[in-house]
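Trainee: Sharing a model prediction with you, sequence too.
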Amino acid sequence: MEPNTSTTTDKNVQDDLRDSAHRIWLAGLGALAAAGEEGAKAFSRLVDRGRDLENKGKDEVKATTDKAKEQFDKAKDKAEGTFETWNEKFDEMLTRSLHRLGVPSRDEIHTLTRRVEELTAKIEQIKPRTPTGTPAEAEAVIVTPGSPDPTDPAKIIA
């Protein structure tokens, strides 16, 4: 019987081994199924965390951007104010320098231009007119000794 018992024992060992391998296989399948279920749950949790983090990041970026824009606007306003102040001071210094050099101001030039136009109009009224109005046909002015010079504006009697 020994040969039989040895065969039976080998068969039992093989069956036990097969059963163990099958149980290991089933345990692996169970682990895979559990990992699949837990993996899907973990994936969903990770997606939710990522979404929360993304929203938080967007809020932080928006807050930082708003703060930077506010600081930029303040700096811009300050720079514009400083520029205006410097511009006014430069204009004043330039005007004073031009005045010291004797350069007339715009208002003075306008006043002088208006006065010249008025004087030109008065001269045109005083000028002798010829019948046709052309200077080539004007009568010669006879200057006698002792009479005022007709070309001297200071001696013209109106």
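Mentor: Thanks, I have it.

Trainee: low pLDDT regions in this protein?
Mentor: 1-5, 130-158 (pLDDT under 70).

Trainee: Would you mind finding the longest helix in it?
Mentor: With secondary structure taken from DSSP state H, the chain has its longest helix at helix 2-101.

Trainee: Following element in sequence after that one, please.
Mentor: Downstream of helix 2-101, the first helix or strand assigned by DSSP states H and E is helix 106-126.

Trainee: now that next one and helix 2-101, what's the angle there?
Mentor: On the basis of axes from the mean of the first three to the mean of the last three Cα atoms, to 10 degrees, helix 106-126 is oriented at 40 degrees to helix 2-101.

Trainee: list the contacts for Pro104?
Mentor: Leu112 (Cβ atoms under 8 Å, 6 or more residues apart in numbering). Every residue, glycine included, has its C-beta placed from N, CA and C.

Trainee: er, Val13 actually
Mentor: Per Cβ under 8 Å, 6+ apart, neighbours of Val13: none.

Trainee: list the buried ones in stretch 61-76?
Mentor: Residues of stretch 61-76 classed as buried by neighbour count (16 or more other Cβ atoms under 10 Å): none.

Trainee: Distance from the chain centre to that stretch, please.
Mentor: Relative to its parent chain, stretch 61-76 has a centroid offset of 13 Å by Cα atoms, centre = their mean, to the nearest Å.

Trainee: And stretch 81-97, by the same measure?
Mentor: 25 Å.

Trainee: any idea how far Gln71 is from Thr65?
Mentor: Computed as Cβ to Cβ, to the nearest Å, the Gln71 to Thr65 distance reads 11 Å.

Trainee: My error: substitute Arg106 in the last question.
Mentor: Distance from Arg106 to Thr65, by Cβ to Cβ: 47 Å.

Trainee: same check, this time on Ser20
Mentor: 64 Å.

Trainee: can you check Glu92 too?
Mentor: 41 Å.

Trainee: swap in Gly36?
Mentor: Counting by Cβ to Cβ - Gly36 and Thr65 are separated by 42 Å.

Trainee: next one: Phe83
Mentor: Relative to Thr65, and taking Cβ to Cβ, Phe83 is found at 26 Å.

Trainee: likewise Arg23?
Mentor: Distance from Arg23 to Thr65, by Cβ to Cβ: 60 Å.
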